[in-house]
Structures are given as structure tokens and as C-alpha cells.
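Trainee: can you look at this prediction? I've put the sequence above it.
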Amino acid sequence: MTHQNLTRILPGLLTAVVALAVAFAIHAAVPALPAMTLAVVLGLLAANLPGTAVWTAGRARPGLDFAGKHLMRGGIVLLGLKVSLSDVLGLGWLALLLITAVVVASFAGTYWISRLFRLPADTALLIATGFSICGASAIGAMAAVRRISHRDTVLPVALVTLCGTLAIGVLPLLVHPLRLSTEAFGAWTGASVHDVGQVVATAQTAGPAALALAVVVKLTRVILLAPMVAMAGAEQRIRHRREQGSRAGGPAAGKPPLVPLFVAGFIVMVALRSSGWLSPGWLEAAAGLQDVLLGAALFGLGSAVRIRTLLHTGARGVLAALAAWLLIAVLGLAAALLMVP
């Protein structure tokens, strides 16, 4: 990176770092509020308060866009270090099949709902990916492999954050009416809540047993990010080849990658974590770095959302997201009750 480029993005990166420090401080004071969700909310505030809106839209914008795109990819790579194949396989084949079925059904259902509300195909794809797998991280991965504009990820990230935050408040209230055991609630949370931090915030209300199961179920969904992105990449390559052939009949130039480099890095990190070679200290340090990268990225994405624009163009998106959230909650509950009778 040249000195000129560094000078250009530095104000935005420093802004993201300061905001992230505030998010971590609030999370330390109120653990029920995930730091990643707070990062998005602070980004939204920074983009819409009169005192900071000019800064985030002007001098800080290049660095915030850099964070939203490139730091997000680094965070996705390190996310792989949270996934241990032994923990995933320990759930048993029935649970694995149920979780996979929830992901596939929620992806298809969310995409269909989004299109029913007349959202663009790319937006529907990103919303379906984020809701069914792992929130903003999955949205960033899918946007990269499909070469979807960074600007077009803003609405899906806002919606997945909104609904994930809604789950933190709503799901614990349903434990007693639904007569769920601690383990069933943990499985439900892991199968239906979007972001890892939101899963932790929701499940910990029922105790350590619910939290432990919720995290493993959630990380099983996370591991499905790689095959889903690979399939999307393969479909993009086929489409690209057809378009090139219909234009000139010549060799296709600039083919999109089947699997982006950062997704391959995610797979390598999963293998490394599963090998058991890394000490707890290294895993803890990587988890801290991942939080910093993803938090800065989410602040950058949140700072691009203008509430007026969102209210004007995103009303259908909000309704579609709420419908999809209800669908995934029902699918996740059914799977949880089958996993934990």
C-alpha cells in the first residue's frame, strides 16, 4: 500500500478504532449487548447524527469503506479458528442433518420471501445468506464471490443486525410459554439466531449448558459457509462463461474465482483449529483479533446507512426480514425439539 493510499484511508480506520473501543466498553458494562451489534449501531448513529454525518460521509469514507470490505475478509478467515470439526461431529448425524436442513430451507425460504417483497435478486441473495448462516460475515463472503457492490451490502447487514438484536430480547421470553428445556433452548438459539455474538448473548440467559450447545450448533451452521459460497462461485463462473461466449466467442477474461482467497483461508483455519496444534492462548488472541477486524468492518458498513434512505427504500426489506426471521425461528425450533426431545 502506497503512502498516499494509507494517508487517504487512515482517518476512517482511526474513526473505526475509536468507535470499536466504545462498543467494547459498552459491552463490558452490559454483557447482554454484543460488541458486534453495538459496532453497527454506532456506525448508524455516526452516519445520521449532525455532528458526525459529514465526517463519515467525507474525509473518513475511504477508510470506512476499506474496513467494511477488506477487514471483513480478514475477520472471516479468523472465524474459521472458532470451528472445531470434533465438536461439530460430536453433535451426531441426526443433529447435523437437521442443522443442514434448517440452513437450506431458511436460505431458500428467505430468498423467496425477499423476492416476494420485490427486492432485487442480489439483495435477496445476500439477505438469505446472512440470515441462514452467520450474519454479516456470510454477507461479506457472498458479496465477494458474486462480485456484488460493497454499497449493496449495507441494507442486508442492517437487516440481519436488526433481526439478530430482536432475537436477543424475544427468544428468552418464549422459554417458559414453550416449555423448553435448557438444552432445547440452546439448540434453538444456535439454529436460528444469525450472528455468533448474538447467539452468545441470547443463549447465556439460560445458563452455561444452553450456551455451550448453542455455540456448537451455531458453528455447525458457520462451517456451511464454505460449501455455499463455493456453489455460488461455481454458478457465477458458469454464467460468466456463457456471457463471454455470447459476446465474442473468444476466451473468457477475468473469470471470477471459484472460491475467494479469504474463504480458502477460512477452510485452512478450520483445519488448523481441528488439528489441535494451536494452544488456547493462540486461539484466544486470534478471537480477539477477529473481534477487532469484524467490529471495525461492521462499523464501516453501519456508517454507510442513511436512515432517511433506509426508511424510504428499505420498508419492504424490513418486512421481508421480519417474515424471514419468523420462518427461521420456526424452523430452528422444530429442529431443536427433534435434536433435544
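Mentor: That came through fine. Numbers count the residues shown, from 1 in each chain.

Trainee: run through the stretch 201-341 of the chain and note the low-pLDDT ranges.
Mentor: 245-259, 309, 312-314 (pLDDT under 70).

Trainee: what about the helices in it?
Mentor: Here the stretch 201-341 of the chain has its helices, by DSSP state H, counting those that start in this stretch, at 208-223, 225-247, 261-275, 280-302, 307-313, 315-339.

Trainee: which helices and strands does the last one pack with?
Mentor: The reference is to helix 315-339. Under the contact criterion of 3 or more Cβ pairs under 8 Å, 6 or more residues apart in numbering; DSSP states H and E, helix 315-339 touches helix 93-116, helix 121-129, helix 154-170, helix 182-192. Every C-beta, even on glycine, is put in place using the N, C-alpha and C of the backbone.

Trainee: lowest mean pLDDT across those, which one is that?
Mentor: The weakest mean pLDDT among these belongs to helix 154-170, with a mean of 88.

Trainee: circling back: closest one to residue 30 among the helices and strands packed on helix 315-339?
Mentor: helix 154-170 (11.4 Å; Cβ to Cβ).

Trainee: list the helices and strands the closest one packs on?
Mentor: Other elements packing on helix 154-170 under the criterion 3+ Cβ pairs under 8 Å, 6+ apart are helix 35-48, helix 121-129, helix 136-145, helix 196-203, helix 280-302, helix 307-313, helix 315-339.

Trainee: apply 7 Å and report the result again.
Mentor: helix 35-48, helix 121-129, helix 136-145, helix 196-203, helix 315-339 (3 or more Cβ pairs under 7 Å, 6 or more residues apart in numbering; DSSP states H and E).

Trainee: any idea which of those helices gets closest to residue 74?
Mentor: helix 136-145 (10.4 Å).

Trainee: which one of the helices and strands packed on helix 315-339 is the most hemmed in?
Mentor: helix 182-192 (a mean of 27; mean count of other Cβ atoms under 10 Å).

Trainee: what's that one in contact with?
Mentor: For helix 182-192, the surrounding residues in contact (Cβ atoms under 7 Å, 6 or more residues apart in numbering) are 99, 102, 171, 175, 180, 199, 202-203, 206-207, 209-211, 213-218, 328-329, 332-333, 335-337, 339-340.

Trainee: likewise stretch 95-102?
Mentor: 191, 217, 220-221, 224, 331-332, 335, 338-339.

Trainee: and stretch 208-223, C-alpha only, in CSV?
Mentor: What follows is stretch 208-223, C-alpha atoms only, in CSV (Å, rounded to 0.1, in the frame of the first residue of the first chain):
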residue,chain,number,x,y,z
PRO,A,208,-23.8,-22.4,30.6
ALA,A,209,-25.4,-25.7,29.3
ALA,A,210,-27.6,-23.8,26.9
LEU,A,211,-24.7,-21.6,25.9
ALA,A,212,-22.3,-24.5,25.2
LEU,A,213,-24.8,-26.3,22.9
ALA,A,214,-25.9,-23.1,21.2
VAL,A,215,-22.4,-22.2,20.2
VAL,A,216,-21.6,-25.7,18.7
VAL,A,217,-24.9,-25.7,16.8
LYS,A,218,-24.2,-22.2,15.5
LEU,A,219,-20.6,-23.0,14.5
THR,A,220,-22.0,-26.0,12.6
ARG,A,221,-24.0,-23.5,10.5
VAL,A,222,-20.9,-21.4,10.1
ILE,A,223,-18.9,-24.3,8.6
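
Trainee: which ones are touching residue 163?
Mentor: Residue 163 neighbours (Cβ under 7 Å, 6+ apart): 194, 321-322, 325.

Trainee: repeat that for residue 11.
Mentor: 59-60, 63.

Trainee: spatially nearest residue to residue 304 (excluding sequence neighbours)?
Mentor: Excluding the flanking residues, the one nearest residue 304 by Cβ to Cβ, 6 or more residues apart in numbering is residue 154, at 4.9 Å.

Trainee: among the helices of the stretch 201-341 of the chain, which is nearest residue 17?
Mentor: So among the helices of the stretch 201-341 of the chain, helix 280-302 is nearest, using Cβ to Cβ, at 6.7 Å.

Trainee: which residues are contacting that closest one?
Mentor: 16-17, 19-20, 23, 35-36, 39-44, 47, 64-65, 67-68, 71-72, 74-75, 78-79, 81-82, 136-137, 153-154, 157.

Trainee: and those, which are buried?
Mentor: Using 16 or more other Cβ atoms under 10 Å as the burial test, the contacts of helix 280-302 include 16, 19-20, 23, 35-36, 39-44, 47, 64-65, 67-68, 71-72, 74-75, 78-79, 81-82, 136-137, 153-154, 157 as buried.

Trainee: pretty sure residue 9 contacts residue 60?
Mentor: No: using Cβ atoms under 7 Å, residue 9 is not in contact with residue 60; the gap is 9.1 Å.

Trainee: and the pLDDT at the nearest residue to residue 302 once chain neighbours are set aside?
Mentor: Spatial nearest neighbour of residue 302, excluding adjacent residues (Cβ to Cβ, 6+ apart): residue 43 at 2.2 Å. At residue 43, the model reports a pLDDT of 92.
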